[in-house]
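Participant: generate coordinates for the sequence data below:
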Amino acid sequence: MDKTNSTSLLASFTTIKSLSDAKKYQNSYQILAEFIRYIIVTDSLYSFQANEMKNKLNERFGFSIPESVVKTASKGIDNIILEKGTFKVLKTEIDAVFEEKKNEADSINDNIINLLTEYVRSRSDNFSVEKEDLTKALIKFLVEDQHTSANYIELISEFILINEQNEKIQEGWNRIREGSILYLGINHNIAETGSITKSLTLYLGTEILFSLAGYNGEIYKQLADDFYNIVRSANLSRKK
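Facilitator: Below is the predicted model:
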């Protein structure tokens, strides 16, 4: 993951979460469509192919989205038609809500990373710590399911706990964290696999159980709790 992608992706998490909260979009494809629409307008595209848009989403927002998902989202945009594998743009413009949420997300992301960088530098006496390194550490932890430097993870957890009464910081972090979960949902094409209509039993590994109990730190506990709440919500729903 390069420098631009890491910074863009973290801000994109917040944008996704904000768009989801806006209640204007009914599903993840509509949310992704707004990112595509933004690229179409800012790059003055009159036509594009799904693979080309997939690459642009990665360049601009750090997204790594399957081509099939990009194609499905593009089909849902008004005044865009698909002819022989090429999407032709008749007319479109940036959605006002998207632009507002994107600018807001950029500001939230910058604030969180700046404060986190200052904290890590002060706690580790390492003034060479770069914002990009911390950004990549967060993304690897949230999205790529990789255990990054133990020092980074411990210090990130400390930062969150120390600022648990700071509503602004907690709100910013929650938006990033919840946005990362929504991003993982966008990253999988449900239309290709269909909905789950039969009972599904999930078996949790020991480390996940430790995370639920809080033994692996605050961040892992929050992610495990999010997963548990999603399962509870699915079980309580009358829908299949």
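
Participant: ranges for the strands of this structure?
Facilitator: Applying DSSP state E to the chain gives strands spanning 47-48, 80-83, 86-89.

Participant: I'd like those strands as a markdown table, with mean neighbour count, distance to residue 214 and mean pLDDT appended.
Facilitator: For every residue, glycine as well, the C-beta is placed using N, CA and C. Output for these, formatted as a markdown table (neighbours: other Cβ atoms under 10 Å; distance: least, Cβ to Cβ, whole Å; pLDDT from 0 to 100):
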| stretch | mean neighbour count | distance to residue 214 | mean pLDDT |
| --- | --- | --- | --- |
| strand 47-48 | 17 | 47 | 96 |
| strand 80-83 | 14 | 47 | 93 |
| strand 86-89 | 17 | 47 | 96 |
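
Participant: dump those into CSV; add distance to residue 14 as well.
Facilitator: CSV is the format used below for the strands of the chain (distance: least, Cβ to Cβ, whole Å):
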stretch, distance to residue 14
strand 47-48, 26
strand 80-83, 26
strand 86-89, 27
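
Participant: of all those, which one is nearest residue 171?
Facilitator: Of all those, strand 80-83 sits nearest to residue 171, with 34.8 Å by Cβ to Cβ.

Participant: go through the strands of the chain and name the closest to residue 37.
Facilitator: Nearest to residue 37 among the strands of the chain is strand 80-83 (8.7 Å), distances taken as Cβ to Cβ.

Participant: got the contact list for that closest one?
Facilitator: 40, 74, 75, 87, 88, 89, 90, 92 (Cβ atoms under 8 Å, 6 or more residues apart in numbering).

Participant: so which of these comes closest to residue 6?
Facilitator: The shortest approach to residue 6 among those belongs to residue 40, at 24.2 Å (Cβ to Cβ).

Participant: give me the distance between that closest one and residue 115.
Facilitator: 34 Å (Cβ to Cβ, to the nearest Å).

Participant: just residue 186 next, same as before
Facilitator: 28 Å.
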